[in-house]
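Participant: What shape does this take:
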Amino acid sequence: MSGVRVLVGTRKGAFILTADGKRTDWKVDGPHFGGWEMYHVKGSPVDPNRLYASQSTGWFGQLIQRSDDGGETWAPVGNEFRYEGVPGTHQWYDGTPHPWEFARVWHLEPSPFDADTVFAGVEDAALFRSVDGGNEWHELPGLREHGSGPAWQPGAGGMCLHTIVPDPTDANRMYVAISAAGVFRTEDAGKTWQPVNRGLHSEGIPDEDAEVGHCVHRIAMHPSAPHVLYMQKHWDVMRSDDGADTWREVSGNLPSDFGFPIDVHAHDPETVYVVPITSDSEHYPPEGKLRVYRSRTGGNEWEPLTKGLPQRDCYVNVLRDAMAVDSLDSCGIYFGTTGGQVYVSPDAGDAWEPIVRDLPAVLSVEVQTLP
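Facilitator: Next up is the predicted model:
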């Protein structure tokens, strides 16, 4: 029977959770790199034994680790991230120019075509690529050198490139999301980029319908329908049916359309999941009830999924990289909270149970389906 490996990054280390295809009896391994902030841990879709991890501390800075045996052992790989384009500046919070400065790696995205190719989204916002398993990193400078670059400015969490979505049907096409600039797309493997934010509307910025300047929290794609993308924005859940050329709102009957993660069912590109939180100042579930919302119609009509989740006095958050889906026949949905719980639903969201409680605050959750 197939199994799953759930990779969890937390404020104080990484944890690896494994189970067979029933997803009821779990082994918890960790912490790996105890005490380190593990911003993101993700496995290669090409080689199930290849894992990449981004870790950081105030004492030792940023490190990238790689495992070639499914997380049993790890080794540090290349950790030099040097901006290679025109130095330039971007806007700071008060609108003054600020030089581009590297702070950390927020997101690692292994290529769907090659186990040795991996992309890194960093703060200040830039995209890096390694073609040798993470040993050497080189910026794809065409993104920062887009004419809008000087107008990019930080969101509340910094100016981070936090989402990387390769098109699994076209190695030249990729999407990235930046706080607070928006979504960008390349059609030539990262040489040139264009903003694709038409239809987004953001209050509080000088031009509420601007080409760039929107605080996008997360985008998601189903591999069988790569022209359809979903977005959780700083207010608004959005959908595109034309490869991000245009977006339309699908928030529908959600109790709040503010949140961070969004993901798509493994076998149905019209089934989507979000976790609403109260507001941009109150980062906890509405009414203190932890509810995942599911739409079976690609948005607009949403149903709360509550069975097995706390429905009183719950004030955790679910961060943008802390939701994932597996590809087993009965699709499993996973998410982790800032309270240290990791939940699984082996029946596509109908019922939930905790895999583990009392971990450090969860920053990321990714899952691999194992043979």
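Participant: for residue 250, what are its contacts?
Facilitator: Taking CB atoms under 8 Å, 6 or more residues apart in numbering, we find residue 250 in contact with 230, 237-239, 295, 298-300. Backbone N, C-alpha and C define where each C-beta goes, glycine included.
Participant: Excluding residues flanking it in the chain, which one is nearest residue 202?
Facilitator: Nearest in space to residue 202, with sequence neighbours left out and distances taken as CB to CB, 6 or more residues apart in numbering, is residue 214 at 4.8 Å.
Participant: Contacts only, for that neighbour.
Facilitator: For residue 214, the contacting residues are 180-182, 197, 200, 202, 205, 233-234, taking CB under 8 Å, 6+ apart as the criterion.
Participant: and it, what element?
Facilitator: When secondary structure is defined by DSSP states H and E, residue 214 falls outside every helix and strand.
Participant: Then residue 8?
Facilitator: Residue 8 is part of strand 3-10, with elements assigned from DSSP H and E.
Participant: Packing partners of that strand?
Facilitator: Contacts of strand 3-10 with other secondary structure elements, assessed using 3 or more CB pairs under 8 Å, 6 or more residues apart in numbering; DSSP states H and E, are made with strand 13-20, strand 37-43, strand 51-57, strand 333-336, strand 342-345, strand 362-370.
Participant: That one pairs with which strands?
Facilitator: Sheet neighbours of strand 3-10, with direction, are listed as strand 13-20 (antiparallel), strand 362-370 (antiparallel) (DSSP bridges).
Participant: picking that back up, of the helices and strands packed on strand 3-10, flag the one that's most buried.
Facilitator: A comparison of the helices and strands packed on strand 3-10 by mean neighbour count, using mean count of other CB atoms under 10 Å, puts strand 333-336 on top with a mean of 26.
Participant: can you map out the strands along the stretch 1-150 of the chain?
Facilitator: Along the stretch 1-150 of the chain, counting by DSSP state E, counting those that start in this stretch, strands occupy 3-10, 13-20, 27-32, 37-43, 51-57, 61-67, 75-76, 89-91, 97-99, 104-110, 118-123, 126-130, 138-139.
Participant: Go through those and name the closest to residue 186.
Facilitator: Set against residue 186 and scored by CB to CB, the strands of the stretch 1-150 of the chain come closest in strand 126-130, at 9.0 Å.
Participant: List the neighbouring strands of the closest one plus their orientation.
Facilitator: Each strand paired with strand 126-130, and its direction, by DSSP bridges: strand 118-123 (antiparallel), strand 138-139 (antiparallel).
Participant: Geometric centre of the protein: which residue is closest?
Facilitator: Geometric centre of the chain, nearest residue: residue 321, 3.6 Å, by CA atoms, centre = their mean.
Participant: wait, doesn't that residue sit right on residue 261?
Facilitator: Yes. Counting by CB atoms under 8 Å, residue 321 sits close enough to residue 261 to count as a contact (7.3 Å).
Participant: which residues do those two both contact?
Facilitator: When contacts are counted by CB under 8 Å, 6+ apart, residue 321 and residue 261 have residue 218 as shared neighbours.
Participant: tell me which residues form a beta bridge with residue 218?
Facilitator: Listed beta-bridge partners, residue 218: residue 232 (assigned using DSSP bridges).
Participant: what number of residues lie near it?
Facilitator: Here the number of neighbours of residue 218 (other CB atoms under 10 Å) works out to 22.
Participant: what's the distance between it and residue 238?
Facilitator: Look at residue 218 and residue 238: by CB to CB, to the nearest Å, they are 11 Å apart.
Participant: got it, and residue 89?
Facilitator: 30 Å.
Participant: Output the below-cut-off pLDDT ranges for the stretch 151-300 of the chain.
Facilitator: Along the stretch 151-300 of the chain, the model assigns pLDDT under 70 to no residue.
Participant: typo on my end, it should be the stretch 1-150 of the chain
Facilitator: 1.
Participant: Now do the residue nearest to residue 99 when sequence neighbours are not counted: how many residues are near it, please.
Facilitator: Among residues not flanking residue 99 along the chain, residue 89 sits closest, at 5.5 Å (CB to CB, 6+ apart). Under the neighbour criterion other CB under 10 Å, residue 89 is assigned a count of 13.
Participant: tell me the contacts of residue 89?
Facilitator: Residue 89 makes contact with 97-100, 150, according to CB under 8 Å, 6+ apart.
Participant: Also residue 221?
Facilitator: 165, 167, 175, 228-230, 264.
Participant: on that earlier part again, which one of the helices and strands packed on strand 3-10 lies closest to residue 112?
Facilitator: strand 37-43 (11.8 Å).
Participant: Okay, angle between the closest one and strand 61-67 too, please.
Facilitator: Computed with axes from the mean of the first three to the mean of the last three CA atoms, to 10 degrees, the direction of strand 37-43 lies at 30 degrees from that of strand 61-67.
Participant: Figure out how far strand 37-43 is from the centre of its chain.
Facilitator: A distance of 10 Å separates the C-alpha centroid of strand 37-43 from that of its chain, computed with CA atoms, centre = their mean, to the nearest Å.
Participant: So what are the sheet partners of that strand and their directions?
Facilitator: Looking at strand 37-43 with DSSP bridges, its paired strands and their directions are strand 51-57 (antiparallel).
Participant: Dump the strand it pairs with to CSV, keeping only the CA atoms.
Facilitator: Below are the C-alpha coordinates for strand 51-57, written out as CSV (Å, rounded to 0.1, in the frame of the first residue of the first chain):
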residue,chain,number,x,y,z
LEU,A,51,14.5,16.8,0.2
TYR,A,52,15.4,20.4,0.5
ALA,A,53,15.2,22.6,3.7
SER,A,54,15.6,26.3,4.4
GLN,A,55,16.7,27.1,7.9
SER,A,56,17.7,30.3,9.7
THR,A,57,18.7,31.7,13.0
